[in-house]
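> dropping a prediction and its sequence here:
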Amino acid sequence: MGVFGRRRRSTDEGTAPTTVALAGAGAIAVVHALAAPAAGCQVVAVASAGGSSARHLAGQLDEQQAHRVRHVRIDELPAGADLLVVASPPATHAALVAQGLAGGADVLVEKPFTTTLADADELVGLAAEPGPLLRCAENLLHAPAWRAFAAHRSGMGPLQHLSARTLQPPPTWGHFTQPLEAGGVLFDLGPHALALVIGAAAEPVVGVAATLSSSRDDGADDDAVVRLRFASGLVASVDVSWTSPDTEWSLQAASPDGVARLELYPDVLVELDGEPVTLPDRHPSAPDPALERMGYVDQLRDTASAADGHPAPGQTPEQARDVLEVICAAYASAGSGGDEVALPFTGDRTRTPQQLWRG
């Protein structure tokens, strides 16, 4: 097996669909399952910790698709599939990614990448070995709106302003209803905003300062204000919250040569130098246009292309670790009263973000 993972199988009719196994059967696993057919993929197996939710999802997919979807045990993954999508709670990510790679499957792991930087370091090392491909599922980096934003940003020159807001009501499903031990809103929702801000800046983060607050019974953060200082001196602001009554996901960048604004919720909107940009849907077969507009269809397509050795967008393990490093630095900063923490992060890499904040 080459460094790009397994090759897609060929048939007399052409290249066979990429087969997908799902680790997890919650809301985000359902999103991947819905996006799969439009991406040229087939979900063939589903597993979950307890088994009942996977059995239910496999049955639903059996009714919707023209091929059998098996319910399997977690320890049976990747169950012979080409691609394992890890969409289980974050504490399980490291072990399932390692299991999938060892089983010969390419792996797409949901964010947050891992719960500690030590686990992230281990996965980066595994991904560097010859064998299957590992990517982190930062779907927004595959969204058509982000691609238009990024293309314009590349001609804007050094930025003078960069900010992002990811605000929404608290989640009320899945593991979010249980005590959150690794981290709260910045750990879970923050990776989206941070990935876009770091991508827009296109330079290294050298310092992070943050304030966090919590109104949750478990003490996990549900409000975060983060300041990223980049190598050029640019300072970007990132606001992330689970306490907003309304949802807003937005990104703004400005330089002497141009302005770019991206909105992803409540509606998708791209404005370049003040002019709105029309983004036609390219995958009309998707059951919901949001699956394309939020990048889920192209995320699967791009992961399959990268696994075949073709250049394709996507968040690499190193980039996912960079995002987690910013997150850990932010929690450490909040724990020290908001003092800036320098990057690369030199704190304890075995501690979760919540532990870096609360001690």
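Happy to help now that I have it.
> find the nearest non-adjacent residue to Val109, please.
Nearest residue to Val109, sequence neighbours excluded (C-beta to C-beta, 6 or more residues apart in numbering): Val86, at 4.2 Å. Every C-beta, even on glycine, is put in place using the N, C-alpha and C of the backbone.
> phi first, then psi, for the one you found.
Dihedral pair for Val86: phi -90, psi 110, per degrees, to the nearest 10.
> so what's it up against?
Going by C-beta atoms under 8 Å, 6 or more residues apart in numbering, Val86 touches 23-24, 92-93, 96-97, 100, 107-110.
> what pLDDT does it get?
The per-residue pLDDT reported for Val86 equals 98.
> beta partners of it?
Ala23, Val109 (DSSP bridges).
> neighbours of Pro171, how many?
Neighbourhood size, Pro171 [other C-beta atoms under 10 Å]: 14.
> give me phi/psi at it?
Dihedral pair for Pro171: phi -70, psi 150, per degrees, to the nearest 10.
> how far away is the nearest residue to it once chain neighbours are set aside from Ala23?
Leaving aside its chain neighbours, Pro171 sits nearest to Trp242 (7.0 Å; criterion: C-beta to C-beta, 6+ apart). Relative to Ala23, Trp242 is positioned 25 Å away (C-beta to C-beta, to the nearest Å).
> those two: who's more crowded?
Just comparing Trp242 and Ala23: by other C-beta under 10 Å the higher neighbour count belongs to Ala23, 31 against 24.
> the more buried one contacts Ala98, correct?
No. Counting by C-beta atoms under 8 Å, Ala23 stays clear of Ala98, with 11.9 Å between them.
> tell me how far the residue nearest to Ser154 when sequence neighbours are not counted lies from Leu264.
Leaving aside its chain neighbours, Ser154 sits nearest to Ala202 (8.0 Å; criterion: C-beta to C-beta, 6+ apart). According to C-beta to C-beta, Ala202 and Leu264 sit 20 Å apart.
> so for these two, which sits in the more crowded spot?
Using other C-beta under 10 Å, the more surrounded residue of Ala202 and Leu264 is Leu264, with 24 against 13.
> and the helix or strand harbouring the more buried one, C-alpha only, in CSV?
Assigned by DSSP states H and E, Leu264 falls within strand 258-265. The C-alpha coordinates for strand 258-265 follow below in CSV (Å, rounded to 0.1, in the frame of the first residue of the first chain):
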residue,chain,number,x,y,z
GLY,A,258,-9.5,44.5,-0.4
VAL,A,259,-12.2,43.2,1.9
ALA,A,260,-13.7,39.8,2.2
ARG,A,261,-16.7,38.7,4.3
LEU,A,262,-18.0,35.2,4.7
GLU,A,263,-21.3,34.2,6.4
LEU,A,264,-22.2,30.5,6.8
TYR,A,265,-25.2,30.8,9.2
